[in-house]
Structures are given as structure tokens and as C-alpha cells.
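Student: Test case, fold it:
(chains A and B)
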Amino acid sequence: GESVGLHLPTLSVQEGDNSIINCAYSNSASDYFIWYKQESGKGPQFIIDIRSNMDKRQGQRVTVLLNKTVKHLSLQIAATQPGDSAVYFCAENMEGGADGLTFGKGTHLIIQP
Amino acid sequence: NAGVTQTPKFRVLKTGQSMTLLCAQDMNHEYMYWYRQDPGMGLRLIHYSVGEGTTAKGEVPDGYNVSRLKKQNFLLGLESAAPSQTSVYFCASSYSNVQPQHFGDGTRLSIL
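Tutor: Numbering: from 1, shown residues only, chains lettered A, B, ... in the order given. Sure, this is the predicted structure:
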């Protein structure tokens, strides 16, 4: 199948700054996108999702932006904290398709004090 | 709130041995999934189920079998383990394929 990828394997930010993690997807038929956070030794934890009929969705300290024209997804984390250190994965799916999510390779977010 | 529970958490097998990984969810989800995660990679779908008694192949199904005899349980079997199956295995469940999947904490499997 087509894959979802990330632009950077590692992102280092200062504590308190905003973080932006990017993701490119290739399947133009995908209509559901989701971000996960994975801490060492644990399973992926849901952060936020967005459907293709939206271009922005906000949660607590997080915002997901979807640009369908260029097939780009981003996760913005406001006022990054030490607890935000983790690997972040974007994933996609298609409504009506029963397959599981297609995951990108992940971005390791490192928070510098 | 248990969510998704995987057992065992760790296991070491010899090549050719068989074993079953267990996954249980208490959220009444219809959909369940098995993924594997290898170093530096995202998760890849092995098999999935859209309801009790149904299973289907994912991206990397070879060498694995699954069963969904009860709605809350999804079993992943390795009939004859191979070193290439050394990985971390994650189970997930969801209400539908466009709802968030909830993951367990994984089973770390080493095949010698």
C-alpha cells in the first residue's frame, strides 16, 4: 500500500517553545488522519485526529493542520514540556476501508531544558 | 480502566517453536488489530478483525494466524517462529476504522 512518511526523524526544541512535527501522505483517497505519541516501552497513545472535510482541529495544547492540496499533515504542540518527549507518529486510513492504519516512521521529539 | 491488555509482556522463543499472543479489550470495540513494530519503523499491520468470528490479512500476514472467537479477544499465533519475527507486537481496538485505535503496551518477542 501507499505509505505515510515524516520529514525529520529527530526534532529538538527548547522547553517552552512550540513544536511542529510534519508528515506527508501519498494516498489521496485517505480521509482520516491521526497523531499518536509513543513513549519508551509503551504503546502508541492517541493525541488528536482529523477528517478530510476539515483543515484544522485543536485540542489541549495541540493543533493538527491538514493540507489536502499538497497532502501534508502537521502537529503543533504549544509550550512544549519535558513530558512531551516521545516519538510521534502520523497515520492515515480511508473510510469504508477495513484495513488498519498506515503509519509513518515517526519523529523523535527531544526537549532541551 | 484496563483498555487493551496484552499478554505476555516479554517472551523468548527458539526457532521453530510456536506460541500465542493474547489480546483482550473491555471497550466493546468491534474492530481489533495486530501490528508489529521494528526498530526505526512505524507499525505495520499483520491481521485485523471487523467483528467476532471474522479475520482478514493486513500488510505483513505471512507466518502468523489469528482468531477472534469472542468479541473481546483477539489471538495472534506463530506456528513456527523464525528470527525475522523478532519484534514488538501491538494489539489495538476501535469502534470503526475511522475512530481512534486504542493500543496495548506491547509484547516484546525474541526468536533465537
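
Student: contacts, neighbours, all on C-alpha from now
Tutor: Fine.

Student: Past the lowest-mean-pLDDT helix or strand in chain A, which element shows up next along the chain?
Tutor: Least confident element among the helices and strands of chain A, by mean pLDDT, DSSP states H and E: strand A:4-6 (a mean of 50). Note on strand A:4-6: by DSSP states H and E, the next helix or strand toward the C-terminus is strand A:10-14.

Student: What lies in contact with that following strand?
Tutor: Residues from elsewhere that reach strand A:10-14 (C-alpha atoms under 8 Å, 6 or more residues apart in numbering or on different chains): A:19, A:21, A:80, A:107-113.

Student: and the most centrally placed residue in chain B, backbone torsions?
Tutor: The centroid of chain B falls nearest to B:Trp34 when counting by C-alpha atoms, centre = their mean (3.0 Å). For B:Trp34, the backbone dihedrals (degrees, to the nearest 10) come out as phi -120, psi 130.

Student: Now do the contacts for it.
Tutor: B:45-48, B:76, B:89-92.

Student: Who is it paired with across the strands?
Tutor: Per DSSP bridges, the residues bridged to B:Trp34 are B:His47, B:Cys91.

Student: B:Ser93 sits in which helix or strand?
Tutor: Element membership for B:Ser93 (DSSP H and E) is strand B:87-94.

Student: which strands and helices sit next to that strand?
Tutor: When contacts are defined as 3 or more C-alpha pairs under 8 Å, 6 or more residues apart in numbering or on different chains; DSSP states H and E, strand B:87-94 packs onto strand B:4-7, strand B:31-37, strand B:102-103, strand B:107-111.

Student: tell me the average confidence for that strand?
Tutor: When pLDDT is averaged over strand B:87-94, the result is 97.

Student: Stretch A:26-43 now?
Tutor: Taken as a whole, stretch A:26-43 carries a mean pLDDT of 92.

Student: Would it count as contacting chain B?
Tutor: Yes. Using C-alpha under 8 Å from any C-alpha of the partner chain, stretch A:26-43 reaches chain B at A:32, A:34, A:41-43.

Student: ok, which stretches of chain A are helices?
Tutor: Ranges of helices within chain A: none, based on DSSP state H.
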